[in-house]
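> Got a predicted structure here, sequence first:
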Amino acid sequence: MNETTSLTIGQINSDIEKLTEPKYRQAQVDLSVDVPEPVPVLKQGDYVIFSRGNISTIGGKAKSRKTFLIVLFAADCLENGDGKILIVDTEMALAHTYKTARRIHRMMEWDTYRNNDRLTVLSLREYAPTDRVAILKEAIEQLRPELVFLDGIRDLVFDINDSREATENVGMLMKLSSELDCHICSILHENKGNGQLRGHLGTEIINKSETVMSVINNGDTSTVEPTYTRNMPFEAFTFRVNEEGLPEYCDVPVTPTKVNKIRKIFDALLPNGITLSYSDLRSELMKAENIKTSAAQNRISEAVSFGIIIKSQSGYYFPKSISDESNMPFCRPSLSSYASYLAASIYCLARGEFRNQRE
């Protein structure tokens, strides 16, 4: 038997072993294999937002500029990398989809009347959900993009509250991202009331996403906040649409109206004589304003930076109207401050969270 025949038989035996191998062995983690870290697709400094082989989600209420954020992210990836991007739109009229594509071309300084091989935009508004799924799969398999934006995933299903449809479609996205080594970012609306992503589909995709972010409309600007992340959460940022109709990063303008609004919120949470720990203040703020953890943390930071509230040496927060920290509870109070001390103590006892504070 010659070497060529022996090699062919060996290959056949190997294939037979794979076919007869138990399925759990095929899925078993083999620690002898060196598995590299996922390749980042989109980063903010050292913070990884998107990476290959994963899926993510952008949420936000209607008209919060989610599509403009896609344009901003796409331009960032195209400018800082050499991969391809696929954008699949299922919602907008064709004219608006063309505007989205041309905005990216303008930001990249490409010809706005000629397609570029690095960017493919599909309009699937007129297709049935099953056809959209088939076209999405075909496009990813043939184009092999590094980043896919699916705007929006709700239109891949017939019923957003059907748990089976949700599981199948999210599973399909995970399989595609893993097997074809790309990142798939889906866009989904948030509920008007509680700010949660809509339906069983929203719940399922949150559980499976590498990054979930929320886009909040502030009027002239939009803020993007990390909601859930498997990596270190990126820092919240703000963008606007400039005079040329293109999205750009910007700082949040501080206006007297904004300062007064924040002062009113914390005046209600921290009347004179009341102090709260950071965790208690954050919890009360989340309940009072019906906001998420990250938004409450940002609000507290803003209140401190604006001088609306102050943090004592013992870690408790109090309104700036009590200007002398030596008169604060838990900070060696003077005779004139015992009324404030007593009020704060009674409040903490009522909550069952009183702690003895000592210098």
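On my side now, so go ahead.

> hey, let's count contacts and neighbours off CA atoms from now on
Fine.

> remind me which residues of the chain are low pLDDT?
For the chain, the stretches with pLDDT under 70 are 1-19, 252-257, 321-359.

> what's the domain layout of it?
40-250, 256-351 (automatic domain parsing).

> Of those, which is nearest V29?
Across the domains of the chain, the minimum distance to V29, taken as C-alpha to C-alpha, is reached by domain 40-250, at 15.7 Å.

> Just the terminal-to-terminal distance for the closest one.
End-to-end distance for domain 40-250: 24 Å, by C-alpha to C-alpha, to the nearest Å.

> ok but F50 is inside a strand, no?
Yes: the assignment for F50 by DSSP: H, G, I helix; E, B strand; the rest coil puts it in a strand.

> quick one: contacts for it?
Taking C-alpha atoms under 8 Å, 6 or more residues apart in numbering, we find F50 in contact with 40-43, 56, 183, 210-211.

> Run through the bridge partners of it.
Note on F50: beta-bridge partners by DSSP bridges are L42.

> about what we covered before: out of the contacts of F50, who has the most neighbours?
Within the contacts of F50, H183 tops the neighbour count with 29 neighbours, counted by other C-alpha atoms under 10 Å.

> The domains of the chain into a markdown table, with extra columns for distance to P22?
Output for the domains of the chain, formatted as a markdown table (distance: least, C-alpha to C-alpha, whole Å):
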| stretch | distance to P22 |
| --- | --- |
| domain 40-250 | 21 |
| domain 256-351 | 45 |
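
> between those, which gets nearest to D34?
domain 40-250 (16.4 Å).

> and the closest one, how far out from the chain's middle?
Chain-centre distance of domain 40-250: 11 Å, with C-alpha atoms, centre = their mean, to the nearest Å.

> could you show me where the strands are in the chain, in order?
In the chain, the strands defined using DSSP state E lie at 40-44, 47-51, 55-60, 85-89, 119-123, 147-151, 183-189, 211-217, 221-229, 237-241, 247-250, 276-277, 309-311, 316-319.

> Would you mark the buried spots in the fourth one?
Using 16 or more other C-alpha atoms under 10 Å as the burial criterion, the residues of strand 85-89 that qualify are 85-89.

> now the helices for the stretch 251-359 of the chain?
256-269, 278-289, 293-305, 338-351 (DSSP state H, counting those that start in this stretch).

> Check the domains of the chain for me and report the most buried one.
Of these, the one with the most neighbours on average (mean count of other C-alpha atoms under 10 Å) is domain 40-250, at a mean of 18.

> wait, doesn't I85 sit right on N116?
No: if you go by C-alpha atoms under 8 Å, I85 and N116 don't touch, sitting 10.4 Å apart.

> what pairs with the residue positioned nearest the centre of the chain across the strands?
Per C-alpha atoms, centre = their mean, the C-alpha nearest to the average position across the chain is that of M213, at 1.5 Å. Judged by DSSP bridges, the bridge partners of M213 are I58, P226.

> ok, it to R198 distance?
14 Å.

> and if you look at E79?
33 Å.

> OK, contacts around the residue nearest to the centre of the chain?
M213 makes contact with 57-59, 224-228, according to C-alpha under 8 Å, 6+ apart.

> which among these gets closest to A101?
Minimum distance to A101 across these is 18.7 Å, recorded for I58 (C-alpha to C-alpha).

> a markdown table for the buried residues of strand 85-89, including distance to F149?
Formatted as a markdown table, those follow (distance: C-alpha to C-alpha, whole Å):
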| residue | distance to F149 |
| --- | --- |
| I85 | 8 |
| L86 | 6 |
| I87 | 5 |
| V88 | 6 |
| D89 | 8 |
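
> Just the closest of those residues to N260, please.
Checking the buried residues of strand 85-89 against N260 with C-alpha to C-alpha, the nearest one is D89 at 40.1 Å.

> Helices along the stretch 101-250 of the chain, start to end?
So, for the stretch 101-250 of the chain - with DSSP H, counting those that start in this stretch - the helices run 129-143, 163-179, 199-208.

> Would you mind giving these as CSV with distance to Q297 added?
Formatted as CSV, those follow (distance: least, C-alpha to C-alpha, whole Å):
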stretch, distance to Q297
helix 129-143, 38
helix 163-179, 31
helix 199-208, 21
